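# Build the 3D model from these lines:
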Amino acid sequence: QKYTYLLHPAFATQYKFRQRFFGQKFWENKLRKYMERNAEIKAERALNTDKILAEERAALYRRQRRDEQIEAKKAAAHQTKSLLKRALLIAKIHSLELAKRHDNKDIEGLASNTSHHSASLPAIQEEV
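Numbering: from 1, shown residues only. Just a heads-up that it's a prediction; the model follows:
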């Protein structure tokens, strides 16, 4: 507002172009539609951000829950004397570890490493 005289020629030229090409009403409608669409995009972004945050929270909760389940299965595997039951618990621990990695991928947005999945089974067996 301090230097309006500098921009006056540009605005006057724009006004003349608008009058000669399609008329002032056309450009006003176009600007109104643009502003409405811009507001819609902002609202969609806000909803999308909320959805992403909710999904990340759910994945984090699932990961924490799986950690608890893994620890419970490990404790049960240590306590059991049955080899069959221990083998089933180890298999369940392994499946929970794989599911946990999938949840981590959701949270971190990283691609899962398939070679890392198969390397974890001997480590689980050694722990038990």
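
# Show me which helix runs longest in the chain.
When the chain is parsed with DSSP state H, its longest helix is helix 24-79.

# counting contacts, what elements does whichever helix or strand A91 is part of pack onto?
Following DSSP states H and E, the helix or strand that holds A91 is helix 83-108. When contacts are defined as 3 or more CB pairs under 8 Å, 6 or more residues apart in numbering; DSSP states H and E, helix 83-108 packs onto helix 24-79, helix 114-127. All C-beta spots, glycine's among them, are computed from the backbone N, C-alpha and C.

# Need those helices in JSON lines (columns: distance to R101 and mean neighbour count).
Formatted as JSON lines, these follow (distance: least, CB to CB, whole Å; neighbours: other CB atoms under 10 Å):
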{"stretch": "helix 24-79", "distance to R101": "9", "mean neighbour count": "12"}
{"stretch": "helix 114-127", "distance to R101": "7", "mean neighbour count": "11"}
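
# Any chance of those in CSV with distance to L6 as columns?
Listed next are those as CSV, based on distance: least, CB to CB, whole Å:
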stretch, distance to L6
helix 24-79, 23
helix 114-127, 62
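
# Which of those helices comes out lowest on mean pLDDT?
Ranked on mean pLDDT, the bottom entry among these is helix 114-127, at a mean of 41.

# Send me stretch 13-28 as PDB with only the CA atoms.
The C-alpha trace of stretch 13-28 is given here as PDB (Å, rounded to 0.1, in the frame of the first residue of the first chain):
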ATOM      1  CA  THR A  13      -3.100  -3.500 -17.900                       C
ATOM      2  CA  GLN A  14      -4.600  -6.500 -16.300                       C
ATOM      3  CA  TYR A  15      -7.900  -4.800 -15.900                       C
ATOM      4  CA  LYS A  16      -7.900  -3.900 -19.600                       C
ATOM      5  CA  PHE A  17      -7.000  -7.400 -20.700                       C
ATOM      6  CA  ARG A  18      -9.800  -8.800 -18.500                       C
ATOM      7  CA  GLN A  19     -12.300  -6.500 -20.100                       C
ATOM      8  CA  ARG A  20     -11.200  -7.300 -23.700                       C
ATOM      9  CA  PHE A  21     -10.800 -11.100 -23.200                       C
ATOM     10  CA  PHE A  22     -14.000 -12.700 -22.000                       C
ATOM     11  CA  GLY A  23     -15.100  -9.800 -19.800                       C
ATOM     12  CA  GLN A  24     -14.700  -8.900 -16.200                       C
ATOM     13  CA  LYS A  25     -17.500 -11.200 -15.000                       C
ATOM     14  CA  PHE A  26     -15.800 -14.300 -16.500                       C
ATOM     15  CA  TRP A  27     -12.600 -13.500 -14.600                       C
ATOM     16  CA  GLU A  28     -14.400 -12.900 -11.400                       C
END
